[in-house]
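# Fold the following, please.
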Amino acid sequence: MKKLLITPLFGLVFYAFPAHAQEQGVQLTVTPEQCVALHKGQTCYQEVLFEWKTPKDGRFCLINDGTRQQLVCWKGDYAEQYRYSFRGRKTTHFSLVPLGKEQPLAKVKVVVTWVYKAPKQSQSGWRLF
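Predicted coordinates:
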């Protein structure tokens with residue numbers, strides 16, 4: 001009998017948490033999530049699209065975490081997407097933050113990968129000394 005009473009109560013507690021996250025209504029995505037360079041260490045260039053959903057009240061900014069640069073700021077749910085010419089040699093993180101605050105509401109990253117680990121060495125056996 002005690003098990004039957006505890007189980008619905010336990011399920012009710014877990015059910016309440018997702019509802020709170022939905023109430024906040026904050027989402028952030030980036031497409032594509034990956035940028036591919038030919039060789040390791042080369043700068044990768046990629047046009048990416050950030051899309052988000054924020055509450056109607058408040059001011060928000062999309063920030064490059066590495067440089068702390070504000071890419072775009074908006075009021076409420078006015079803006080919902082931003083095209084960005086990504087340029088980087090390593091994985092870069094981006095955050096959606098309330099204007100004037102440090103704590104991010106959501107985070108995404110653009111992962112930089114490469115086709116070849118290092119440029120190939122000459123196949124020739126000749127070397128200069």
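# So which residue is dead centre in the protein?
Centroid check for the chain by C-alpha atoms, centre = their mean gives Val108 as the closest residue, at 1.0 Å.
# Quick check: closest non-adjacent residue to that residue.
Val30 (4.5 Å; C-beta to C-beta, 6 or more residues apart in numbering). C-beta: built from backbone N, CA, C; applies to glycine.
# how near is that neighbour to Trp74?
Note on Val30: its distance to Trp74, by C-beta to C-beta, to the nearest Å, is 17 Å.
# Go ahead and confirm Pro55 touches Lys75.
No - using C-beta atoms under 8 Å, Pro55 makes no contact with Lys75, being 10.9 Å away.
# List the contacts of the residue nearest to the centre of the chain.
Contacts of Val108 were listed using C-beta atoms under 8 Å, 6 or more residues apart in numbering, and they are Leu28, Thr29, Val30, Glu33, Phe50, His93, Phe94.
# looking at this, it is in a strand?
Yes - under DSSP: H, G, I helix; E, B strand; the rest coil, Val108 falls within a strand.
# What's the separation between it and Ala37?
20 Å.
# between Val30 and Trp74, who's got more neighbours?
Val30 (20 against 17; other C-beta atoms under 10 Å).
# which element is the more buried one on?
strand 27-31 (DSSP states H and E).
# Now do the buried residues in that strand.
Leu28, Val30 (16 or more other C-beta atoms under 10 Å).
# Now it: average pLDDT?
Averaging pLDDT along strand 27-31 yields 96.
# remind me which residues of the chain are low pLDDT?
1-24, 118-129 (pLDDT under 70).
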